[in-house]
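Student: give me a 3D structure for the following:
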Amino acid sequence: MTDPLEWETLDEDVAYTCPGFDVIHEDVRLPDGTETDFDYASEPPAAVILPFTPEGEVVLIEEWRQAVKRVNRGLPAGSIEPGEDREAAARRELAEETGYEAGEMEFLATIELANGLLDAVHHYFVAHDCEPTGEQELDFNESIRVGTADWEALVEDVKNGELRDGRTVTGVLQYALSR
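Tutor: Model (predicted):
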């Protein structure tokens, strides 16, 4: 049985494609019978990692974000490759972006960050006992600096608005609330 709020998709095509995401255009029928169109960004599911060193520091990345024209401090994250399970993707992305490897990987949550605009699904993991073991293996369009932060200081940065990256704020708050 369908929900009475459900929209009916009449037609769908890819309006634009680029590395990282597509823009989908749909013709839809609303519950009251009105026909209109709807566009949204579509991207593969991603793994987001909250990595802790054995000393309790959080491994963070700093990366230029062209859309907001500044360096962004946040958690390592990346797309899950076709056929790859989400924990394997979390381990791979942590190693590629930071050069750290996790001892234990714990699933935290699955979150849709902006489901009015895009279909992104982010699977959050907490990585424990992370140790630097190698070099970064960055994608062609990544420039990343790696550092660590005290957990309590990171939570304070979220509270006072110093940390603005949505994926990171979500992960920090989810973990803080689950403890």
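
Student: alpha carbons of the strand ranked longest in the chain, as CSV, please.
Tutor: For the chain, the strand reaching the highest residue count under DSSP state E is reported as strand 8-18. Extracted as CSV, the C-alpha positions of strand 8-18 are listed here (Å, rounded to 0.1, in the frame of the first residue of the first chain):
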residue,chain,number,x,y,z
GLU,A,8,4.2,9.5,-8.6
THR,A,9,7.3,9.7,-10.9
LEU,A,10,6.1,10.0,-14.5
ASP,A,11,9.5,10.3,-16.1
GLU,A,12,13.1,10.6,-15.0
ASP,A,13,16.4,11.4,-16.7
VAL,A,14,19.9,12.6,-15.9
ALA,A,15,20.0,16.3,-16.6
TYR,A,16,23.7,16.7,-15.8
THR,A,17,26.5,14.5,-14.7
CYS,A,18,30.0,15.2,-13.4
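
Student: what sits up against it?
Tutor: Counting by CB atoms under 8 Å, 6 or more residues apart in numbering, the neighbours of strand 8-18 from elsewhere in the structure are 22-29, 35, 39. To be clear about C-beta, it is placed using only N, CA and C from the backbone, and glycine gets the same treatment.

Student: out of those residues, which one sits closest to Met105?
Tutor: Met105 lies nearest to Asp22 out of the contacts of strand 8-18, by CB to CB, at 29.2 Å.

Student: how far away is that closest one from Val14?
Tutor: Asp22 sits at a distance of 5 Å from Val14 (criterion: CB to CB, to the nearest Å).

Student: can you pick out the residue with more neighbours from these two?
Tutor: When Asp22 and Val14 are compared for neighbours, Asp22 comes out ahead with 16 against 10, by other CB atoms under 10 Å.

Student: in what helix or strand does the more buried one lie?
Tutor: Assignment of secondary structure by DSSP states H and E places Asp22 within strand 21-29.

Student: over to Ala176?
Tutor: Ala176 is part of helix 166-178, with elements assigned from DSSP H and E.

Student: contact partners of that helix?
Tutor: Contacts made with helix 166-178 from outside it, assessed by CB under 8 Å, 6+ apart, are listed as 48, 50, 60, 73-75, 77, 108-109, 111, 113-114, 122, 124, 126, 154-155, 158, 163.

Student: show the pLDDT at Lys159.
Tutor: At Lys159, the pLDDT value in this model is 96.

Student: what of Glu62?
Tutor: Reported pLDDT at Glu62 in the predicted model: 94.

Student: with Gln66 instead?
Tutor: pLDDT, the model's per-residue confidence, is 85 for Gln66.

Student: pull the number of nearby residues for it.
Tutor: Taking other CB under 10 Å as the definition, Gln66 ends up with a neighbour count of 7.

Student: for the one 4 residues further on, same thing?
Tutor: Residues near Arg70, counting by other CB under 10 Å, number 10.
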